[in-house]
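[1] Pasting the sequence and the predicted model now:
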Amino acid sequence: MLARIIPIVVKELIELWRDKWARFRLIVPTILQMLLFGYAATYEVYHVSTAVLDLDHSQESRELIARFTSSDRLHIVKIARSQADIDDAIDRSDAAVALVVHPGFAELLRKGREAPLQVIVDGTNSNTALIALGYVNTIATGFAQDYATDLMERTQGVKGMRQVQVTLEQRPWFNPDLNGRWFFVPGLIGTLTLVIIVNLTAFAIVREREVGTLEQIMVSPIRPAEFILGKTVPFFLVGLGEVALIVAVGVLWFQVPFAGNPLVLLFGTTLYLLSTLALGLLISTLCTTQQQAFSTNFFVLNPFFILSGFSFPISSMPDVLQWLTRINPLRYYLVVIRGTFLKGVGLDVLWPDLTALGVIAAVLMTMSILRFRKTLE
Amino acid sequence: MKLRRVKAIAAKEVLQIWRDPRSLMIALLLPFTQMFLFGYGVNLDLKHIPTCTFDREGSQQSQDLFKRFQASNYFAITRNVDSYGALVAAIDRADCKIAVVVPPDFSERLNDVGTTSVQAILDATDDNTANIAIGYATAVVQGYSSDVQLAWLDRQGETLQQVQPLVVQSRVWFNEDLESRNFIIPGLVAVIMALVGAQLTSLTIAREWERGTMELLISTPVRKSEVMVGKLAPYLVLGWIDAAFCLAMAGLWFGVPFRGTLLTLFVTTTLFLAVVLSIGYLLSVLIPNQAGASQVALLVTMIPTVLLSGYVFPIDQMPWFIQQITYLIYSRYYVTIIKAVFLKGSGIPELALPILFLTIYATAVVVLALRAFRKRLD
């Protein structure tokens, strides 16, 4: 059996390598998408464009605004002169945040009464708005606390006046700087290989059917299992190569740390690639032309991306969709990828996900082989 | 350009669309499925973040603090651990996204020194979730802190200064409840239109070549511009139907507030459809087989539109050179427009700039497509 499979594998690999277009399609879009995702896909919020209106012109208001100016989270783009200026800046999206200090601000502060800082946020992008509001609150609270301590010392004349306060220390593990790239780039291993492998497998078999070589193979002494292996093993190797390429670009170019055990990732990758190959095979049995294979792939693969946690948290989805994510191999593979890359955890933690991947791979493989045999006969 | 000839081409195209179930499926099924999938699956709002507590003190005060986390809609305490090892395991296994640790000397320090701190350990593999969770947790702890402060001052029997000398009065405009759905869904309409439009027209010329009807078409006296207008007109109608369907779903089904006017929406959507349909047509002229043309159409519309249009990822957070590239992405202008029409209620005067860019884009693509099409067989 092996003696018959190896020649097919070698033939397919040589064919793939000789085909300039195939080589191009395997490498260039991968790198381009990595660069695009690595640079463009981020929910991080820095340098939020901010407009400022100081109607108080006091020492205090200037100090407060200086705190905002010195933060790298906000970027003052406009010093407004009137409320209308502020409204305009937000309307035109020149500024996403506006800070307004009303007249009498310092007086209220000095008397120890509540002095308001008015903040207007463009909520269009709710995510950015929410995070920006968090920054504004933190900066304002810092100012308030310092001012209160200072005021108490001055008015009470007590040095080191007791201040009762509970603070929160943040310890973001695995990604201490909250770098969005560390989240997206490893995830690409799962999404890019899914597209490439499913497409390659489905197209290769549909092409044989279109050209009519599938009939020739059927009359040759080769068995269906051998044919399937001969077709899928080369793409499995291609998949491994893709994963290696993406890992290399991620670690070397984007400097994403790899904390875990590469063997665990390799094991997860093997199970995942089996699922993608089976999926490609399954699609190939449903289509008679490459055109059909292409549109089927699109319809089938899109839900895989959305319902995987690649970009959007699963916990925020409605229950029905959350349930659907459980049959998605990409969901489990992403846990394995992020677990090995960032968390550095091993089999003891990842075994449930690896088991799920294994089950999905086995089910898909069985289904696709049974269906494929049927189409051959 | 003769209307009679344009009509003839259009009639022929309508017949072809009608007889090709694939085109109809793309036009009718794809918007529907994608609206549902993305509309429900794409959500950045966080509620009930799985939370783990590690109370190293077990006092009344520490329990009070945890009750506040429990009461908050943003956290759901899923586990109470009693050792650091169990906490590490819970984070490692992703059983919880955030672990709140109260130190053993929490209330002691609070009573004696006055200042104390609690620790939030976060699983920051998903940096955005972690960042938002930090914001919510800080707010909870701050609320607790000012109440403790007030209680303390009360006990001192002093009518001292206001504890919080500064209050932040925030007002959110346009998307008052900060719901991610309200900005993602209008952007999604742009993504779907870009995708469907280019897919549909990417097949038109290639189909003539593949079915061998190109020779017939060339032998007729019809002009290049007539072919283009005639072929695109039916798709524009399909595009309008799709757009109306998606926009109605956004407003009525998903409940995105609509504050603009239908006229603005109609004008800008038509302009966008002109760009998208012409791009598909251009690709169809350049690539004479259906499979190739539709693949390239997917590649040039899907990824740039999803990543570089500002539909979820804010453009102003991208590096400078990527920001420059986004000016070349036509969807960028429509995403800006449609979000503004829905949420801000902007009209044509406010949107003059993106509309101008879109018009320039449309003209350029139409001219390119006209020039690329040759009535020759070679």
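    Happy to help now that I have it.
[2] Helices along the stretch 1-150 of chain B, start to end?
    Counting by DSSP state H, counting those that start in this stretch, the stretch 1-150 of chain B has helices at residues B:3-19, B:21-41, B:60-71, B:84-92, B:106-112, B:127-155.
[3] swap in chain A?
    In chain A, the helices defined using DSSP state H lie at A:2-18, A:20-40, A:59-69, A:83-91, A:105-111, A:126-156, A:180-211, A:213-219, A:224-248, A:262-286, A:290-306, A:319-325, A:329-338, A:347-376.
[4] Which elements pack onto the second one?
    The elements that helix A:20-40 packs onto, with contact taken as 3 or more CB pairs under 8 Å, 6 or more residues apart in numbering or on different chains; DSSP states H and E, are helix A:2-18, helix A:180-211, helix A:224-248, helix B:290-308, helix B:320-326. Glycine gets a C-beta too; all of them are placed from N, C-alpha and C.
[5] Can you add mean pLDDT and give the ones you listed back as CSV?
    Compiled in CSV, the helices and strands packed on helix A:20-40 are given as follows (pLDDT from 0 to 100):
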stretch, mean pLDDT
helix A:2-18, 80
helix A:180-211, 88
helix A:224-248, 88
helix B:290-308, 82
helix B:320-326, 91
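[6] Let's have those in CSV, adding mean neighbour count and distance to residue B:80.
    Formatted as CSV, the helices and strands packed on helix A:20-40 follow (neighbours: other CB atoms under 10 Å in any protein chain shown; distance: least, CB to CB, whole Å):
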stretch, mean neighbour count, distance to residue B:80
helix A:2-18, 13, 54
helix A:180-211, 23, 28
helix A:224-248, 19, 38
helix B:290-308, 21, 41
helix B:320-326, 13, 45
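[7] among the ones you listed, which is nearest residue B:149?
    Closest to residue B:149 of the helices and strands packed on helix A:20-40 is helix A:180-211 (CB to CB; 35.9 Å).
[8] what's the offset of the helix or strand of chain A with the lowest mean pLDDT from the middle of its chain?
    When each helix and strand of chain A is scored by mean pLDDT, DSSP states H and E, helix A:213-219 comes last, with a mean of 76. Centre-to-centre, helix A:213-219 and its host chain are 43 Å apart (CA atoms, centre = their mean, to the nearest Å).
[9] Tell me which other helices or strands that helix touches.
    By 3+ CB pairs under 8 Å, 6+ apart, helix A:213-219 packs against helix A:180-211.
[10] at 10 Å what do you get?
    Using 3 or more CB pairs under 10 Å, 6 or more residues apart in numbering or on different chains; DSSP states H and E, the elements in contact with helix A:213-219 are helix A:180-211, helix A:224-248, helix A:347-376.
[11] Can I get it in PDB? Just the C-alpha atoms.
    This file holds the C-alpha atoms of helix A:213-219, laid out as PDB (Å, rounded to 0.1, in the frame of the first residue of the first chain):
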ATOM      1  CA  THR A 213      -9.000  12.000 -14.700                       C
ATOM      2  CA  LEU A 214     -11.000  10.700 -11.700                       C
ATOM      3  CA  GLU A 215     -12.500   8.000 -14.000                       C
ATOM      4  CA  GLN A 216      -9.000   6.900 -15.000                       C
ATOM      5  CA  ILE A 217      -8.000   6.600 -11.400                       C
ATOM      6  CA  MET A 218     -11.100   4.500 -10.700                       C
ATOM      7  CA  VAL A 219     -10.200   2.000 -13.300                       C
END
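[12] buried ones in that helix?
    Going by neighbour count (16 or more other CB atoms under 10 Å in any protein chain shown), the buried part of helix A:213-219 is A:214, A:217.
[13] Sketch out the low-pLDDT regions of the stretch 51-200 of chain A for me.
    Within the stretch 51-200 of chain A, the ranges that satisfy pLDDT under 70 run A:156-163.
[14] Rounded mean pLDDT for the host helix or strand of residue B:269, please.
    In the assignment (DSSP states H and E), residue B:269 maps to helix B:262-286. Averaging pLDDT along helix B:262-286 gives 93.
[15] Please apply the same query to stretch B:235-250.
    93.
[16] quick check, distance from that stretch to the centre of its chain.
    Relative to the chain's own centre, stretch B:235-250 is displaced by 18 Å; criterion: CA atoms, centre = their mean.
[17] returning to what we had before: would you format the helices and strands packed on helix A:213-219 as CSV with distance to residue B:15 included?
    Supplementary listing: those in CSV, determined by distance: least, CB to CB, whole Å:
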stretch, distance to residue B:15
helix A:180-211, 26
helix A:224-248, 39
helix A:347-376, 33
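[18] Could you dump those into CSV with distance to chain B added?
    Putting the helices and strands packed on helix A:213-219 into CSV (distance: least, CB to the nearest CB, whole Å) gives the following:
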stretch, distance to chain B
helix A:180-211, 5
helix A:224-248, 16
helix A:347-376, 5
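[19] Check what pLDDT residue A:267 gets.
    96.
[20] and it, how many neighbours does it have?
    18 (other CB atoms under 10 Å in any protein chain shown).
[21] do the one 10 residues further on as well
    Summarising burial for residue A:277: neighbours were counted as other CB under 10 Å, giving 25.
[22] give the contact list for the nearest residue to it once chain neighbours are set aside.
    Distances taken as CB to CB, 6 or more residues apart in numbering or on different chains place residue A:232 nearest to residue A:277, at 4.7 Å, with adjacent residues excluded. By CB atoms under 10 Å, 6 or more residues apart in numbering or on different chains, the contact set of residue A:232 is A:9, A:12, A:197, A:200-201, A:204-205, A:239, A:273-274, A:276-278, A:280-281, A:365, A:368.
[23] now the helices and strands packed on helix A:20-40 as TSV including distance to residue A:346?
    Shown next, in TSV, are the helices and strands packed on helix A:20-40 (distance: least, CB to CB, whole Å):
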stretch	distance to residue A:346
helix A:2-18	32
helix A:180-211	16
helix A:224-248	17
helix B:290-308	33
helix B:320-326	36
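[24] closest to residue A:296 out of the ones you listed?
    helix A:180-211 (7.7 Å).
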